[in-house]
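# Provided below are the primary sequence and the corresponding predicted coordinates.
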Amino acid sequence: MRTDIDRLREEALAAVACAGDIEALDQFQVLYLGRKGRVTTILRGLAGVPAAERPALGAIANQARAEIEAALARRRQELAAEVERRRQAAEAIDVTLPGVPWRVGRRHVLNVVRKEIEEFFLHLGFSIAEGPEVELDHYNFELLNIPRGHPARESQDTFYLTDELLLRTHTSPTQVRVMQAMAPKLPVRVISPGRVYRRDSVDASHLPFFHQVEVLAVDRGVTFADLKGTLEHFARSFFGQGTRVRLRPSYFPFTEPSGEVDVSCMCEGRGCSACGGKGWIELLGAGMVHPRVLEAGGYDPEEVAGYALGLGVERAAMLVHGIDDIRLFGQNDIRFLEQLGEEGC
Amino acid sequence: MLLPYGWLCELVEVPWSASELADRLSMVGVKVEAVREVDFRCPGVIVARVVSLLPHPENPRAGVVTLDGGRRLSPQVVTTALGLSPGDLVPLALPGARLPGDRRVEAETFGGVRSEGMLCSLTELACGQPPGEEEGVLILPAAAVPGSPVDPLLEAQPGDFVLELELTVNYAMHCQSVLGVAREVAALTGMPLHARDHALTETGADARDHVRVEVHDTDGCPRYVARVFHDLVPGPSPCWMQRRLAAAGLRPRNRLVDTTNYVLLELGQPLHAFDRDRLAEGRIIVRRAARGETLVGLDGEERLLDPGMLVIADACKPVALAGIIGGADTGVTPGTRVAVLESAHFHPAIVRRTSLKLGLRTDASARFEKWSDPEAPPLAADRAAALLGAMAAGKVAPGRVEVYPRLHARTILRMRVSRVNGLLGANLPASEVRGRLQRLGFEATPAKHGRRREIPDDTDVYLVTVPSWRGDVTAEVDLTEEVARSRGYDELPSCLPRGTLTVGQRPARLSAIEQMATIIAAAGLDEIVTSPLMGPVAFDRLRLAPNDPGRDALVLANPLAEDQTLLRSTLLPGMIEVLAHNAGRRQVDLGFFELGTVFRRRGDLSGFGLKSAVRQGGDLSSWVGEELRLALGLMGRRHPAHWRRGTGDRADFFDLKGLIELLGDRLSWGELRFEPSSHPSFHPTRQACLRVNGDTRGFLGELHPKILEAQGLDRALVAEIDLDPMARRQRYRRRLQPLPRHPALLRDVSFVVGAHLPVAAVEMAIHEAAGPLLEKLALFDVYQDEAMAAGSRSLAYSLTYRALDRTLTDQEVDPIHLRVRQTLVDRLGAVLR
């Protein structure tokens, strides 16, 4: 009897190990362990065995049954894992296929650059003010110390609508407008971005309209040193920490002293098309607000002082992005917009 | 202005190379745009001896010269310069020779005769330019050796440099001459200008015997100086003078004209030469022009004068426009025996006014209209006399004829050192401030005279005398700039702005614009920036009727181009142009937006009163509206072709509408309605007008087929929306709605109705029937097929019912939904499916 049990166990374990699928296992389960299965039959047959041998034989038979059950469970798991593996293999994808594009539009590079300039000055405590593009001669010229006949009028060839009404040639008229609105309150810290117009024919470096940002600070004790510090920090923030700034004397009727600001070229003076080999790039004009302009704004130049600067947005964008033709800004070619615009700003 | 470096070195010690000088000048405000090398050497030009002369077989005005060029060279040359004799030594430019100004000489054939080179005049050798009037081939000294180069004979040195100055308005008043720049160099180095001795030999009758000068308008002409030259010998000016003029950009002509130009460039004082014998009665009268008088200028143009203009006249007629141009009849010619040289100071305003009125600008007027040094005229006259005398161009009559009734009073300015430092944020000692001004030619003395010789260093207030050549310095703040630039802007302190803290703020309108741009870009559209100027033809392209009020735009009085005569009153032309530009480059799947200003005339500009606008604090809004608009444009497919999506859908009206609905929702515009409209620029049956809270705010739809055709476009959707009212509103912050705590019940309904029935009417009927428990109504299918009755379509809706305070049951919702279905049948004639 003992040999019968051993043989049966060996036979069952071998069969389970060879089972190729779950259905075969199910059959073996019935064949060996089912109600009429062969192991069950042996256990039932123990009743006919002498009582003295019965406990030992029972233990052996039960152990055989447990072994077979465990083998069945183990094989069942193996087969299930194999099925899962095959299914997943069939689901394989080619991860090198191109991703589905998510399209986010871009802001125009001029607005990206304008906004970057705005953010710098907002953080310094300057607020933004707007001025009209259709402007009075009075504000565009007269109040900025540029009377009729002044040579500086020639260099800013102007579009007129009537004798008194024109398209502003710079954002500087906002200086006086802001001061008139604020006087006698102090301090005045304002920037004014906007479009300006010059009666220029279109070529690679001229358009009849472009964009500027005007910066104005008026307070007691404002000095040329404040202007220099502001310019240096701005240039480093905009062009990078290593940027050097140079201020050259220049002339604007509405500032005195006046200067032009150069920044060191990225070529480090080795020479490139951006700086023409000089190592310096002209960036903007600046100066201390002229006493007559302070007076026009309603402030006493003996009591307060101010500084102002005006920055060309196209120029700044051309410098940082290496754009050599100003006409590209207005063409709005998608291949241009896609390269330089920025998302979500 | 072009400044020859060598000329500058003649006036002042320059311890720097030309390029280093350029940097230093730029840093004190005299901006040098470029430094160029000029080379006056003539490689390939040799000394040759005239051997024989024969007439040219065809051209009676030319001759054929055979030469001895040394080294067994005997070339034959065709020349128009007659009067050569065998034995003369002349400069011969051989084929391949290079003259100054990069002019090349080649062998050529004239009338069948081979010319192996060219005989040169002095002017050609000096500056490469064609010879002056009556100028022949240069005859070289007898000691010259045939075959040797001419360069040593003409003292041609390798490499002078020319600085190209770009002068601002204020520096143009005192730096537009070699002397002016020399003064800046002297201020930089602290060394004085070179002393110069203009020794004169004066002979013959006194100048007063040749000419009488009267000035009737001493305000217009505060100073008039004349010098007289007699026994003039015509001819070219010397080589060195021609070279300098050429380097400075002027064309050499003859001794007298070159000398006046030379002095103008050197000292900044314009001169004019008259032919004494053509001045009626030998008189010069400076007066206002009489009405009706005319003058034919040296340029040959006749101009009508008026009493606002200052003229130089002789006893009978005007002979020059003061400070602007001389008359043709009285100018000097090669036949002039006696010349009167004018060196005057004219009031800038009268020269500027006349020059503007006549539209005539000359080298002289460009200087006089800014500022000329009132102390320069006698010096300039003497300098010219010395130059002419030295080149033996004529003899100088003794004395100057001068009218100078009121001595020019130098400007005196009050200056506080404390104020200079206060504006600069610096702490310069008074001695430095004074010293820097003195180097620039100013004189500073303490305002209060003390007995002591030494000026104490704590003296604050000074009286500063401005040099006569500095017409640009008129106030204390100008002196501050002089001190600052002399010290060097880079050598002044710098700090971050100090003072009360302020909070930087962006106005609500601008924040709204930024927010809107962010949303639209996030939706996938790219931002464009288009021209604010347009032409009237753009309205035709938009198919606006001739009387369409949309054509009323602001007009420029002095436009530059036909497509830039108006300020734009709509963003549509710009959007269409950008779509067409990209389509023309095969970029067809596009979405664009622009947030831009349009301009509208609000009042009558012809009667535009400056005074009323200025009285209103410069507020122009009653005359001109600058309004914010949004333009949207979609074209082609919403998504590019892709292996998983296929070729993708083409954008249509509903993509555009959905985008506007998104904006309205995110920016809380309020209630949006889209109603059929008839805008001429859009497809007649595929357009809508947008109403926001009942007000018309814009249009959207497919562009009109005719516009598409004209622009070569396939299909394009555009919209233009007036944002001003929405952007001006205060920012709206939403309050949180509690999240639903009870489940919703969903019911669908699908039915066939007449296709003419707008979906908006269907939805209104459903909402009315369903009442407040209907939370959401979603149209999930629309279709038409042949099986349906003609003019019908099938709609399928999903309805979401929800109560905020309880869980809805079928028993509660079923009757409501039944009511909805019944309403569709009863009111809209729907057939339920």
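It's in. Numbering: from 1, shown residues only, chains lettered A, B, ... in the order given.
# strands of chain A, residue ranges please.
For chain A, strands defined by DSSP state E occupy the ranges A:106-107, A:127-128, A:134-136, A:165-167, A:188-197, A:209-219, A:245-252, A:255-264, A:280-289, A:305-312, A:342-343.
# go through the ones you listed and find the least confident stretch.
If you rank those by mean pLDDT, strand A:342-343 sits at the bottom with a mean of 64.
# OK, contacts around residue 95?
Chain wasn't specified; assuming chain A. A:Val95 makes contact with no residue, according to C-beta atoms under 8 Å, 6 or more residues apart in numbering or on different chains. No exception for glycine: its C-beta is placed from N, CA and C like everyone else's.
# was after chain B, sorry
B:105-107, B:116-117.
# what's around the closest residue to it other than its chain neighbours, how many residues?
Of all residues beyond its chain neighbours, the one nearest B:Pro95 is B:Ala107 (4.2 Å), with distances taken as C-beta to C-beta, 6 or more residues apart in numbering or on different chains. Applying other C-beta atoms under 10 Å in any protein chain shown, we find 14 residues neighbouring B:Ala107.
# next one: A:Leu46
15.
# how confident was the prediction at it?
Listed pLDDT for A:Leu46 reads 79.
# alpha carbons only: can I get the host helix or strand of B:Lys357 in CSV?
Assigned by DSSP states H and E, B:Lys357 belongs to helix B:348-358. Output of helix B:348-358 as CSV, limited to C-alpha atoms (Å, rounded to 0.1, in the frame of the first residue of the first chain):
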residue,chain,number,x,y,z
PRO,B,348,21.9,131.7,-35.9
ALA,B,349,18.1,132.3,-36.0
ILE,B,350,18.1,134.4,-39.1
VAL,B,351,20.3,132.0,-41.0
ARG,B,352,18.1,129.1,-39.8
ARG,B,353,14.9,130.8,-40.8
THR,B,354,16.1,131.7,-44.2
SER,B,355,17.6,128.4,-44.9
LEU,B,356,14.4,126.6,-43.9
LYS,B,357,12.2,128.9,-45.9
LEU,B,358,14.2,128.5,-49.0
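# list the buried ones in it?
B:348, B:350-355, B:358 (16 or more other C-beta atoms under 10 Å in any protein chain shown).
# and of these, the nearest to chain A?
B:Arg352 (6.0 Å; C-beta to the nearest C-beta).
# gap between the closest one and B:Leu745?
Separation of B:Arg352 from B:Leu745 (C-beta to C-beta, to the nearest Å) stands at 87 Å.
# how about the nearest residue to B:Gly625, chain neighbours excluded?
Leaving out its chain neighbours, the residue that sits closest to B:Gly625 by C-beta to C-beta, 6+ apart is B:Arg600, at 4.0 Å.
# which ones are touching that neighbour?
Per C-beta under 8 Å, 6+ apart, neighbours of B:Arg600: B:552-554, B:569, B:624-625, B:627.
# flag every residue of the stretch 201-350 of chain B that's near chain A.
When proximity is defined as C-beta under 8 Å from any C-beta of the partner chain, the stretch 201-350 of chain B approaches chain A at B:Ala349.
# and the contacts of B:Pro95, which of them are buried?
B:105, B:116-117.
# low-confidence ranges in the stretch 51-200 of chain A?
A:154-156 (pLDDT under 70).
# what about the helices in it?
Listed in chain order, the helices of the stretch 51-200 of chain A (DSSP state H, counting those that start in this stretch) span A:54-90, A:109-123, A:137-140, A:151-155, A:173-182.
# related to what we said a few turns ago, what's the residue nearest to B:Gly625 sitting at in phi/psi?
Phi and psi for B:Arg600, reported as degrees, to the nearest 10, are phi -130, psi 140.
# reformat the strands of chain A as CSV; add mean neighbour count and distance to chain B.
Conversion of these to CSV gives the following (neighbours: other C-beta atoms under 10 Å in any protein chain shown; distance: least, C-beta to the nearest C-beta, whole Å):
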stretch, mean neighbour count, distance to chain B
strand A:106-107, 24, 5
strand A:127-128, 18, 4
strand A:134-136, 24, 5
strand A:165-167, 24, 6
strand A:188-197, 23, 5
strand A:209-219, 23, 5
strand A:245-252, 23, 3
strand A:255-264, 25, 4
strand A:280-289, 23, 6
strand A:305-312, 24, 6
strand A:342-343, 14, 7
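# closest to B:Ala322 out of these?
strand A:245-252 (27.2 Å; C-beta to C-beta).
# who touches the closest one?
Contacts for strand A:245-252 (C-beta under 8 Å, 6+ apart): A:152, A:228, A:231-232, A:235-236, A:257-264, A:280, A:285-287, B:26-29, B:31, B:168-171, B:481, B:484-485, B:489-490.
# which strands and helices lie in contact with the helix ranked longest in chain B?
Of all segments of type helix in chain B, defined using DSSP state H, the longest is helix B:810-828. Under the contact criterion of 3 or more C-beta pairs under 8 Å, 6 or more residues apart in numbering or on different chains; DSSP states H and E, helix B:810-828 touches strand B:745-754, helix B:759-770, strand B:792-801, strand B:831-832.
# now do the third one against helix B:759-770, angle only.
Put plainly, it is strand B:792-801. For strand B:792-801 against helix B:759-770, the angle by axes from the mean of the first three to the mean of the last three C-alpha atoms, to 10 degrees is 40 degrees.
# I'd like the mean pLDDT over strand B:792-801, please.
On average, strand B:792-801 scores 95.
# so what are the sheet partners of that strand and their directions?
Here strand B:792-801 is paired, per DSSP bridges, with strand B:745-754 (antiparallel), strand B:774-783 (antiparallel).
# thank you, goodbye.
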